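1. Structure for the following, please:
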Amino acid sequence: MKLGRLPLLALSILALLAALWAGLLRLGWALPALEPGLFAAHGPLMVCGFLGTLISLERAVALGSRWCYAAPALSAAGALGLIVGAPDPTAPVLITLGSLALVANFAAIIRRQAALFTITMALGAAAWFAGNCLWLAGVPVLRMFPWWVGFLVLTIVGERLELSRLTGLGERNRAPFLFGAAVFVTGLVVGLRAPAAGMRLAGAGLLAMALWLGRYDLARRTVRQTGLTRFIAANLLAGYVWLGAGGLAWLSFGGDLTAFHYDVILHTVFLGFVFSMIFAHAPIIFPAVTLRPLPYRAAFYLHSALLHVSLGLRLGGDLTGSYPAYRWGGLLNAITLLVFVGNSARAIASGRRQPAAGAPPLRPAHEASG
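-> Next comes the predicted model:
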């Protein structure tokens, strides 16, 4: 399946680009609607088409078995269906099957290594599947999106939980993490019946996990180093700040999902937290998937800084009711992600001309020694 990795990665990038286009349409920018349903597909393309395919592909690479590639293949096919306007419910069915396949992948991982971090990531996959089932059943994204947040947050936190074992602090202080994760998952379930109460409860869990990560993550030590190590740590710590801000927003706004509040609730987590994590881990994950090095460059700080500045402008517009700030901040968000793709592609291209000693291989989570 080595040759199949690049087409799946390419489809995930295509989903990202389509999601950005749809996002700009939603912000009111005068762009041609390439497909009538694209306007409404921004969230599914970003969460399921891009992030779901990318995470599933990374897990499939880690497991190494051919059947594991069903998850990214199905989610990528579903994303393509959204882009070309396949008749309903083709795309949601494919994406839901892809998330079910990811749950199966994590079942295989847990059989190899049943640990807190693998179980946490498996819960993330289960949250994605549950959210997709709600979406397939016709529940509006406005109401089921906390489950997609659960997918991304629990997956990322599980990966950081694994590395926290290197300091020993995380191992000795599991109780606060378990409390935060339990409160968050309980909030997701409660939100099915009482959306406002569930969102506030989940927000308290997000805040608790952000505080735990800020206190015990390895990044607190490695940010004092230089080069790639420092870049990764800086993005991780910034992401934890955004996750905490998201938790506060969920607590403050609860069920008040008016346009500006909804934007804050979504993008503190989906943009601030998730993309800080992607920026941090891209120099490690992309080489594992593409089998090509992605050498670190100081220019990576450009897309990192742009993310925080543009998101600050956008959310400032949300909180002050300034539509121009919200709109221009959103445009700069899209430009930021394009700069990230360009910087990464340029680094990979330069890495092909260098000796193969480049980036270290990514260790499968279930085989990591800590």
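
2. Could you identify the helix or strand that succeeds the helix or strand bottoming out on mean pLDDT in the chain?
-> Scoring the helices and strands of the chain by mean pLDDT, DSSP states H and E places helix 169-172 at the bottom, with a mean of 63. Past helix 169-172, further along toward the C-terminus, the next helix or strand under DSSP states H and E is helix 174-190.

3. For that next one, which residues meet the burial criterion?
-> Taking 16 or more other Cβ atoms under 10 Å as the basis for neighbour counts, the residues of helix 174-190 that come out buried are Phe177, Gly180, Ala181, Val183, Phe184, Val185, Gly187, Leu188, Val190. C-beta: built from backbone N, CA, C; applies to glycine.

4. For the stretch 1-150 of the chain, give me the ranges with low pLDDT.
-> Residues of the stretch 1-150 of the chain that meet the criterion pLDDT under 70 lie in 1-3.

5. ranges for the strands of it?
-> Secondary structure of the stretch 1-150 of the chain, counting by DSSP state E, counting those that start in this stretch: no strands present.

6. Could I get the full set of helices for it?
-> For the stretch 1-150 of the chain, the helices identified by DSSP state H, counting those that start in this stretch occupy 2-26, 42-44, 53-63, 70-84, 90-112, 116-136, 141-164, in order along the chain.

7. Including distance to Gly254, could those go into JSON lines?
-> Listed next are these as JSON lines, based on distance: least, Cβ to Cβ, whole Å:
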{"stretch": "helix 2-26", "distance to Gly254": "23"}
{"stretch": "helix 42-44", "distance to Gly254": "20"}
{"stretch": "helix 53-63", "distance to Gly254": "29"}
{"stretch": "helix 70-84", "distance to Gly254": "30"}
{"stretch": "helix 90-112", "distance to Gly254": "27"}
{"stretch": "helix 116-136", "distance to Gly254": "19"}
{"stretch": "helix 141-164", "distance to Gly254": "12"}
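
8. Can I get these in TSV including distance to Pro32 and mean neighbour count?
-> What follows is the helices of the stretch 1-150 of the chain, written out as TSV (distance: least, Cβ to Cβ, whole Å; neighbours: other Cβ atoms under 10 Å):
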stretch	distance to Pro32	mean neighbour count
helix 2-26	9	19
helix 42-44	16	22
helix 53-63	25	25
helix 70-84	14	25
helix 90-112	21	20
helix 116-136	27	23
helix 141-164	23	23
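
9. Tell me which of those helices lies nearest to Val264.
-> Distances from Val264 to each of these were compared using Cβ to Cβ; the minimum, 13.1 Å, belongs to helix 141-164.

10. any idea which helix or strand carries Phe231?
-> Residue-wise, Phe231 maps onto helix 227-253 under DSSP H and E.

11. For that helix, list every residue counted as buried.
-> Buried residues in helix 227-253, counted by 16+ other Cβ under 10 Å: 228, 230-251, 253.

12. Much appreciated, bye for now.
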